[in-house]
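Asker: Dropping a prediction and its sequence here:
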Amino acid sequence: MTLYPRSSKFNLTLYSTASVIVVALVTLLAVATSFAVETVRAQDPEPTGYIKEITPSVSSLSVNQGETVTLSVNVIGVQDVPDQSLGSDVVFSWSATGGELPANREGNTSVRYRAPDSPGRYTVSVSAGSNCRGTCSTSFTITVRRPGEIGEGPGTPVNPPGPIPTVLDDSDGNQYEVFTPEAGGTFNGEGFSINAEPGVVPNAEFIGVRMYENGPASNAGMSGHRFTLSGTKYTVAVIDSARAAASSYRLNDVATICVPVPNSLLGNIADVQLVGVSDDGVSLTAMSSTVRVVPSLTVCGYTSTIPVNVAAAIPGTPPALPDEPEIEPAPVLPATGGTSPTSPLVMVWALLIGVVLIAASSIALAKRRQEPPTL
């Protein structure tokens, strides 16, 4: 009988090779499975996020006895970006030392507050009930005064020295009404206006203020908005005493902006409020506001920062855009072969099975060639 000493060595090499292949396949399978799981996770929607801070739209406000105003908070996310949608599923707790508030409910970032009948100073507090990881509460100072009574200012208003013009104009020839610390100021348009009481403009300064119509107000199709705009968008612009445009000007107290209530909102008059609109129309900010019927039907909001864009709105998601014309789909060709895998994990398993079959066939063939001939 003839012996084949190389056979045992070959078997050892064969088993070693097979072991290496198995280890490699197991490793590849683990990596591929992890990749596939992470791919599936990446397709899941991101969470809504957390609230970092809530701030009042205006920190203090003067109102008449028994007057009803809308108080609103700004919701700010963890990236320091205002995002009212973060409060859409949060119940905010509102309370007041005087006056009336509605029952708390989900998404109540703004409420209708009725001032008490007794003059005095009151506090309205609000806190986020959940989803908050920072400053979760804030408050408003409400000064209730008798009709016609001038509110308290930040000290005695003082105009700057020297002559003060009555009108300013910018480089494009647009005219601005002059607002001063001692007299305040008013700009009136066709049914819209902005008014500042004495003491609102900081001492020793004067500014030019202009308000104008700036196209239709519409946010149709923006499903992330919590207000539906209507009517016309208005812009309040400001220039300094040197006739240079100011990108942001802070007042000592609030100025009052009024715009007509659009006819389309007359059926929802109790819900109408003024909303600040970003320049690109993407962001909306609810303003503390009230509806007035004298001398005309207007919605008025309060702001301590100008310039600003405003429009009348009611709470609720805006309507979808009109349906686009349907495009006839391209004809579907008949299937002529296998379809591609629909999942990364399926592709990985198909690849591994193919490698295993090829490796097994190669090992079996090599082993057969090395077997001694039958005597």
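Answerer: Nice, thanks for sending it over. In this text the structure is predicted, and so the values were computed from the model without any measurement.
Asker: hey, let's count contacts and neighbours off CA atoms from now on
Answerer: Will do.
Asker: Name the helix or strand for Ser304, please.
Answerer: Element membership for Ser304, per DSSP states H and E: strand 298-306.
Asker: How about that strand, which residues are buried there?
Answerer: By 16 or more other Cα atoms under 10 Å, the buried positions in strand 298-306 come out as 298-304, 306.
Asker: cool, and stretch 244-251?
Answerer: Counting neighbours by 16+ other Cα under 10 Å, stretch 244-251 gives 245, 249, 251 as buried.
Asker: For Ser223, give me its contacts.
Answerer: 317-320 (Cα atoms under 8 Å, 6 or more residues apart in numbering).
Asker: Help me confirm that it is found in a strand?
Answerer: No - under DSSP: H, G, I helix; E, B strand; the rest coil, Ser223 falls outside any strand and is assigned coil.
Asker: Return the per-residue confidence for Ser223.
Answerer: We have a pLDDT of 85 for Ser223.
Asker: repeat for Pro295
Answerer: 85.
Asker: Helix, strand or coil: sort out it for me.
Answerer: Under three-state DSSP, Pro295 comes out as coil.
Asker: Just give me the neighbour total for it.
Answerer: 7 (other Cα atoms under 10 Å).
Asker: how near is it to Gln79?
Answerer: According to Cα to Cα, to the nearest Å, Pro295 and Gln79 sit 44 Å apart.
Asker: repeat for Asn108
Answerer: Where Gln79 is concerned, Asn108 sits at a distance of 22 Å (Cα to Cα).
Asker: try Met211
Answerer: From Met211 to Gln79 the distance is 32 Å (Cα to Cα).
Asker: Looking at those two, which has the bigger crowd around it?
Answerer: Per other Cα under 10 Å, whichever of Met211 and Gln79 has more neighbours is Met211, with 23 against 11.
Asker: can you pull the contacts of the nearest residue to the more buried one once chain neighbours are set aside?
Answerer: Distances taken as Cα to Cα, 6 or more residues apart in numbering place Val236 nearest to Met211, at 4.4 Å, with adjacent residues excluded. Contacts for Val236 (Cα under 8 Å, 6+ apart) come out as 209-212, 306-309.
Asker: Among those residues, which one has the most neighbours?
Answerer: Counting by other Cα under 10 Å, Val209 has the largest number of neighbours within the contacts of Val236, with 25 neighbours.
Asker: in the sheet, who's paired with it?
Answerer: Glu177, Val238 (DSSP bridges).
Asker: mind listing the helices for the protein?
Answerer: Applying DSSP state H to the chain gives helices spanning 6-43, 344-370.
Asker: Lowest mean pLDDT across the ones you listed, which one is that?
Answerer: By mean pLDDT, the lowest-scoring of the helices of the chain turns out to be helix 6-43, with a mean of 52.
Asker: So, low pLDDT: which residues of this structure?
Answerer: Along the chain, segments meeting pLDDT under 70 span 1-48, 148-155, 323-375.
Asker: which ones are touching the residue nearest the centre of it?
Answerer: By Cα atoms, centre = their mean, the mean C-alpha position of the chain lies nearest to Asp83, the distance being 2.8 Å. Contact analysis of Asp83 by Cα under 8 Å, 6+ apart lists 74-77, 283.
Asker: Return the distance of it relative to Arg146.
Answerer: According to Cα to Cα, Asp83 and Arg146 sit 37 Å apart.
Asker: just to revisit the earlier point, take the buried residues of stretch 244-251 and keep only those in strands.
Answerer: Those of those mapping onto strands are 249, 251, per DSSP state E.
Asker: which one of the buried residues of stretch 244-251 is nearest Gly185?
Answerer: The shortest approach to Gly185 among the buried residues of stretch 244-251 belongs to Leu251, at 12.5 Å (Cα to Cα).
Asker: so that closest one sits right up against Ser304, yeah?
Answerer: Yes - with contacts counted by Cα atoms under 8 Å, Leu251 reaches Ser304, the gap being 5.1 Å.
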